[in-house]
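> Pasted the sequence and its predicted model underneath.
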Amino acid sequence: MDHLRIETPEYVEFSYDLAGLGSRFVAYSIDLLLEVTLWLLLLIGIGGFFGIVQSSSTHPADFVKTAGYATLALLSLITFLIFEGYFIFFELLWNGQTPGKRILGLRVMREGGFPITLAASVIRNLLRTVDFLPIFYGVGMAMIFATSTHRRIGDLAAATIVTREKAKNLSLHPLNMQNAPQANVRIDDKLYDLISRFLARRGDITLGNRYRLARELAIPLLDSAQGKPLSSGGSYEEFLEQVMLEHRKFDWDD
């Protein structure tokens, strides 16, 4: 399995497992099946609606002639929205995942490990048509094989990568409040965001850098902490978790 290592300006190294052609193909097949199913259901619904209206019309022939153009325009719009908007909608809703990618444990993100944006999602998905040429992702598959980071043209243009999720949960997990260390410190929104991003992505950081960064974030806060935040087997990460929990729980006053 190929890996991608990214070092931030703070010299923190993140490691990602790159998704290969096989898993990406299966994920896309699942999404395509869902897209076609949704398109067919809407097609049946529109056909049924116009059938009911036609049967109740006093001039069926005139209605068919007039409605034909409107139906064609509506179907064209719906087809575009489904097959182009499906991926954009889910990638923004689920932070880089579609139903197919979620099932396979894949995620799209920007270079540097940042969450995907609307602009990046639009670019990579509008260029899907080019990757699809000459038939069923011929260009896209060739590019995935040719690039060291397994990226198709859409990914190169949008500066995105497709990674495989780690098996373990990387999200912030709540501590047992009875045994957790009490922090009782104040943090501003900027520091809150920094700690939150560290805790969410710590599973991708090498152990040495993970400990160092947790310590650098925690040490300045320990001076203002009350009680014994690192007693009884506590760690810098547990202290940062407690800081986050208390920041969410209390509305600190100046």
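Good, I have the coordinates.
> would you say E237 is within a helix?
Yes: under DSSP: H, G, I helix; E, B strand; the rest coil, E237 falls within a helix.
> any idea what sits nearest it, other than its immediate chain neighbours?
A214 (4.9 Å; CB to CB, 6 or more residues apart in numbering). C-beta coordinates here come from the backbone N, C-alpha and C atoms, glycine included.
> quick one: F87 and R124, what's the gap?
Going from F87 to R124 by CB to CB, to the nearest Å gives 8 Å.
> Helices along the stretch 101-250 of the chain, start to end?
Here the stretch 101-250 of the chain has its helices, by DSSP state H, counting those that start in this stretch, at 118-126, 128-132, 138-146, 153-158, 189-201, 207-222, 236-249.
> so where's the chain shaky on pLDDT?
Applying pLDDT under 70 to the chain flags residues 1, 5-14, 53-54, 56-68, 136, 166-185, 204, 206, 223-234, 248-254.
> on that earlier part again, thought I195 was touching the residue nearest to E237, still the case?
No: at 9.4 Å, A214 does not count as touching I195 under the criterion of CB atoms under 8 Å.
> that older thread, can you tell me how far the residue nearest to E237 is from K101?
For A214 relative to K101 (CB to CB), the value is 30 Å.
> neighbour-wise, which of the two wins?
Comparing A214 with K101 by other CB atoms under 10 Å, the one with more neighbours is K101, at 27 against 21.
> quick one, what contacts that one?
27, 31, 107-108, 162 (CB atoms under 8 Å, 6 or more residues apart in numbering).
> For these, name the two members farthest from one another.
D31 and R107 (13.8 Å; CB to CB).
> Tell me which of the two has more neighbours.
Between D31 and R107, counted using other CB under 10 Å, the more crowded position is R107 (22 against 19).
> For that one, which non-adjacent residue is spatially closest?
In space, R107 is closest to G96, 4.3 Å off (CB to CB, 6+ apart).
> So what touches stretch 128-147?
Here stretch 128-147 has contacts from 20-21, 24-25, 28, 84, 87, 150-154, 156, using CB under 8 Å, 6+ apart.
> Before I go, just wanted to say thanks for your time.
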